[in-house]
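Trainee: Here is the input, now give the coordinates:
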Amino acid sequence: MKKLILLFTLLVSVCNACTQTAAQKSGTLLWKISGNDLPKPSYLLGTLHLKSGEYLDSIPGARAALQSCEQVVGEINMPDMAAVQMQAQQAMMMTPDTTYRMLYSDEDYQFVSEKIASFLGVGLDQMGMLKPAAINQTVVLFAYAKYFPGFNPANALDLYIQAEALEEQKPVLGLETSDHQLYVLFGMSSLQQQADDLLCAMKNIEKLLDFAPELINDYNQGDLDKLYQSLEKSNKICPSTAAEMDALNKDRNTAWMQKLPEIMKEKSSFIAVGALHLAGEEGLLNLLKEAGYTVEPAGL
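Mentor: From the prediction side, this is the model:
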């Protein structure tokens, strides 16, 4: 199952994003980074993009860490959401030379159309202008919404953290561009692969949604080991390709590690990224340790 764009990336990607072996038992989502000639410590927070901003105060030590840092770093610089949404709308549109009738048999077309209509009230005849990955993400977001009653995308945790920094006139940096995220979500896989993923997701949507309470609880407990074990189980239902998994986590983590040392050296940084990026041998916690930093739980 594909990943929801920007604010929703983590929660949808838990359905298929990763099969790494978890490396830490943390019990915390907040980590202190020091040593390696850093003049001041920085902090790394694993976020869940469907959590509201107020959840920050439920994470021990997070508010104090945010206030102590000189700048905020996120996956992307999110405050200009209007521009990002315009880019997203373009990236989500189906190419004019392809239709769902070309991607599916008549039987599969009917099944997918009826299944998405059971969630959204409209089927492929109305949604056919969108790429399969976009439809997939829309259905899953709608299905997950019941676990986050009252959620307002304008007050999502990642956006809230960046807004708090701007209110205090602190710089906000992005580790990657929205163009790159949009490519990973909507441009990397072929339309046929996206259509196959959508078909699998709709055939198994109930099984995939059964993992939601467990995944959310793992996040609330800050248990990265259990989160990854849940991910491994859910990934067996509709597996991602190795290239998709690498593009989602490994490749992005590696690219971010090319930037983070200079960012943290210049200013103490509150780094807030999806919790999937923290754990595992190729996760940021391990990569930071390998780079010579001292990484330890904060706020316990």
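
Trainee: Quickly note the distance from the residue located most distally from the centre of the chain to G35.
Mentor: For the chain, the C-alpha farthest from the mean C-alpha position belongs to D106; by C-alpha atoms, centre = their mean, that distance is 33.4 Å. Distance, D106 to G35, by C-beta to C-beta, to the nearest Å: 62 Å. Heads up, the C-betas are built off the backbone N, CA and C, glycines and all.

Trainee: for P239, same thing?
Mentor: According to C-beta to C-beta, P239 stands 38 Å off from G35.

Trainee: What count of nearby residues applies to the residue lying closest to M202 once chain neighbours are set aside?
Mentor: Closest residue to M202 apart from its sequence neighbours, by C-beta to C-beta, 6 or more residues apart in numbering: K115 at 4.1 Å. The number of residues packed around K115, counting by other C-beta atoms under 10 Å, is 19.

Trainee: K115 should be in a helix, yeah?
Mentor: Yes: per DSSP: H, G, I helix; E, B strand; the rest coil, K115 lies within a helix segment.

Trainee: what sits against the residue farthest from the centre of the chain?
Mentor: D106 makes contact with no residue, according to C-beta atoms under 8 Å, 6 or more residues apart in numbering.

Trainee: which residue ranges form the strands in the chain?
Mentor: Ranges of strands within the chain are 30-34, 42-47, 71-74, 172-174, 269-274, 294-297, based on DSSP state E.

Trainee: Would you format those as CSV with distance to A165, mean pLDDT and mean neighbour count included?
Mentor: Formatted as CSV, those follow (distance: least, C-beta to C-beta, whole Å; pLDDT from 0 to 100; neighbours: other C-beta atoms under 10 Å):
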stretch, distance to A165, mean pLDDT, mean neighbour count
strand 30-34, 16, 97, 21
strand 42-47, 13, 96, 26
strand 71-74, 4, 97, 24
strand 172-174, 5, 95, 18
strand 269-274, 7, 96, 25
strand 294-297, 22, 96, 16
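
Trainee: for the ones you listed, which one sits closest to Q194?
Mentor: Smallest distance to Q194 across the strands of the chain (C-beta to C-beta): 21.2 Å, for strand 269-274.

Trainee: So which elements touch the closest one?
Mentor: Using 3 or more C-beta pairs under 8 Å, 6 or more residues apart in numbering; DSSP states H and E, the elements in contact with strand 269-274 are helix 9-13, strand 42-47, strand 71-74, helix 157-167, helix 260-266.

Trainee: Of all these, which one is nearest Q85?
Mentor: So among those, helix 157-167 is nearest, using C-beta to C-beta, at 12.4 Å.

Trainee: Flag every buried residue along that closest one.
Mentor: Buried residues in helix 157-167, counting neighbours by 16 or more other C-beta atoms under 10 Å, are found at L157, D158, L159, Y160, I161, Q162, A163, E164, A165.
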